[in-house]
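> Any chance you can model this:
(one chain, ligands or ions: 1)
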Amino acid sequence: MAPGFQRREGVLGCDGVSLEEAAVRFGTPLYLYSKAALVAAYTAYDRAFDPVPHRICYALKANGSGALLRILAGLGAGADIVSGFELEAALRAGFPPKLIVFSGVGKTTDEIARGLDAGIGEFNAESEEELGRISAAASARGRTVGVTLRVNPDIDPKSHAYISTGLRQNKFGVDIALAPDILRRARNLPGLAIAGVQCHIGSQITDLEPMEQAVRDLVALSNRLLADGFPLRVIDIGGGLGVDYEGGTTLQPAALAARLVPHLEGLPLTVLVEPGRSIVGAAGALLTRVLYLKENRGKQFVIVDAGLNDLLRPALYSAFHRVEPVVSRGGETRRVDVVGPVCETGDFLARDRNLERVQPGDLLAVRDTGAYGFVMSSNYNMRPRAAEALVDDGGLRLIRRRETFEDLTRTEV
Ligand code: LLP
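So this is what the prediction gives:
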């Protein structure tokens, strides 16, 4: 049986561990992760790209919790980071600096300096101006650092507008047509070793055609640059593979690789892949308890103890997550909205959903919330951020305690 969350005899569990036990021990709302599912997802990527020299750089933005990072670092993963503190978290978890690539459109001078001092593998620059800043910081230290240039191929990833990143109207990368000229100029800048080009067209991609097109464009550009004598060593194809939030069969890394590897084979370059969601998404669930049942003029609400501060995706992207009673009693379903305690109409986890009859005190699991769940949580309404726990080899352990009032007010001066 696949590792992770599975229903047996009507009860949802995680690798043989009881979700009710986890909820009783650590309280709710609780993010619970399966180490086995995390390891399986990373390993599937690593194997899928075996036909080419590769480095799987886990995108920390999807989930930056230290316990999960240490597992991935231990498996030999690289890291894709987008902020100074993601850099600190990656280093603390044991990712070798050389396997870290620093992306993001708005790196500050301090962040660039810290990346240089830590000895990261590559900066993924998003503009000509940024190449200039990196050059200045590197040469001031008498250093040379690898840089990749993020290009924008103007390709529609067929995902949600907020998470499309490779369209001309998006802020990311430079126009792919301008890349050769930008790099020709950058070649003369001190402190820069032009290492390759990068592209990431979006997230939650379920149609491989746009990704294949982007990789074709990236390969053509890399070949042109190699022919121009650029000593490239990597080609960074970004992340983006989606999760099937409906619970069907998720596109596997093997399917992605089957489409992309034929374009990448034979290049004298290491292929960098930056998956986030497809590594941790299905490995996590948010456990929440039913507080109240309520009816307003025929509309049924299930009020639970997790809100949009815990899981923002439904409110921000109208994202769909399965919401399931941990113990299924079967029987008829009712059309309900599953809503949180936050004082916002947008505070829902599920809308117009057919849910079995539940009662106050019942435990629900919001599925596939390992990625962009906890990391996007906030203290809105002065709610503490949730606890996180890990199922590891049949055992259960807390990896982050719930915040206290003192935690929330500690930074006030
Ligand atoms: N590399 C770069 C440069 C990225 O911008 C991203 C995601 C990734 C890699 C990882 O993409 P993934 O494999 O996770 O799709 N908060 C949104 C997702 C935002 C993704 C932004 N960039 C959500 O909850 O759907």
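> mind listing what Asn223 touches?
Counting by Cβ atoms under 8 Å, 6 or more residues apart in numbering, Asn223 makes contact with Leu267. Bear in mind the C-beta positions are built from the backbone N, C-alpha and C, glycine included.
> Let me know the pLDDT of it.
We have a pLDDT of 98 for Asn223.
> Next: Gly115.
98.
> What's the separation between it and the ligand?
Distance, Gly115 to the ligand, using Cβ to the nearest ligand atom, to the nearest Å: 15 Å.
> what's the neighbour count on the nearest residue to Leu287 once chain neighbours are set aside?
Ranked by Cβ to Cβ, 6 or more residues apart in numbering and with sequence neighbours excluded, the top spatial neighbour of Leu287 is Leu30, at 4.5 Å. Using other Cβ atoms under 10 Å, Leu30 is surrounded by 26 other residues.
> what's across from Leu30 in the sheet?
Leu287, Ala387 (DSSP bridges).
> wait, it sits on Glu20?
No. With contact defined as Cβ atoms under 8 Å, Leu30 does not count as touching Glu20 (11.2 Å).
> Could you pull up the residues touching the residue nearest to Leu287?
Residues in contact with Leu30 (Cβ under 8 Å, 6+ apart) are Ala22, Ala23, Leu286, Leu287, Ala386, Ala387, Glu388, Ala389.
> Ala220 versus that one, what's the distance?
48 Å (Cβ to Cβ, to the nearest Å).
> So which residues on the stretch 201-350 of the chain come close to the ligand?
For the stretch 201-350 of the chain, the residues in contact with the ligand (Cβ under 6 Å from any ligand atom) are 203-204, 238-241, 274-278, 313, 317.
> Show the buried residues in the residues you listed.
Ser203, Gln204, Gly238, Gly239, Gly240, Leu241, Glu274, Pro275, Gly276, Arg277, Ser278, Arg313 (16 or more other Cβ atoms under 10 Å).
> I'd like the distance between the fourth one and Ile134.
The reference is to Gly239. From Gly239 over to Ile134 the distance is 22 Å, taken as Cβ to Cβ.
> do the same with the third one
Distance from Gly238 to Ile134, counting by Cβ to Cβ: 20 Å.
> Quick check: which ranges of this structure have low pLDDT?
Along the chain, no part satisfies pLDDT under 70.
> distance from the centroid: which residue in it tops it?
Residue distances from the centre of the chain (Cα atoms, centre = their mean) peak at Arg297, which lies 39.6 Å from the mean C-alpha position.
> mind listing what Val339 touches?
Phe301, Val302, Ile303, Val304, Gly307, Asp347, Phe348, Leu349.
> One more: Ser103?
Counted by Cβ under 8 Å, 6+ apart, Ser103 has contacts Asp80, Ile81, Val82, Asn124, Glu126, Arg150, Gln198, His200, Glu274.
> Only the buried subset of those residues, as a ChimeraX command please.
A single ChimeraX command selects the buried members of the contacts of Ser103 (16+ other Cβ under 10 Å):
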select :80,81,82,124,126,150,198,200,274
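> now the contacts of Ser103 in CSV, with distance to Arg185?
Formatted as CSV, the contacts of Ser103 follow (distance: Cβ to Cβ, whole Å):
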residue, distance to Arg185
Asp80, 26
Ile81, 26
Val82, 25
Asn124, 18
Glu126, 16
Arg150, 16
Gln198, 18
His200, 23
Glu274, 26
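> Run a quick check on Ile176 versus Leu221, I expect a contact.
Yes. Using Cβ under 8 Å, Ile176 is in contact with Leu221, at 6.4 Å.
> anything in contact with each of those two?
With Cβ under 8 Å, 6+ apart, Ile176 and Leu221 have common neighbours Val151.
> near the ligand, which residues of the stretch 51-200 of the chain?
When proximity is defined by Cβ under 6 Å from any ligand atom, the stretch 51-200 of the chain lies next to the ligand at Ala59, Ala62, Asp80, Ser103, Ile163, Thr165, His200.
> quick one, domains of the chain?
For the chain, automatic domain parsing gives the domain ranges 5-33+282-409, 104-273.
> Understood, closing this out.
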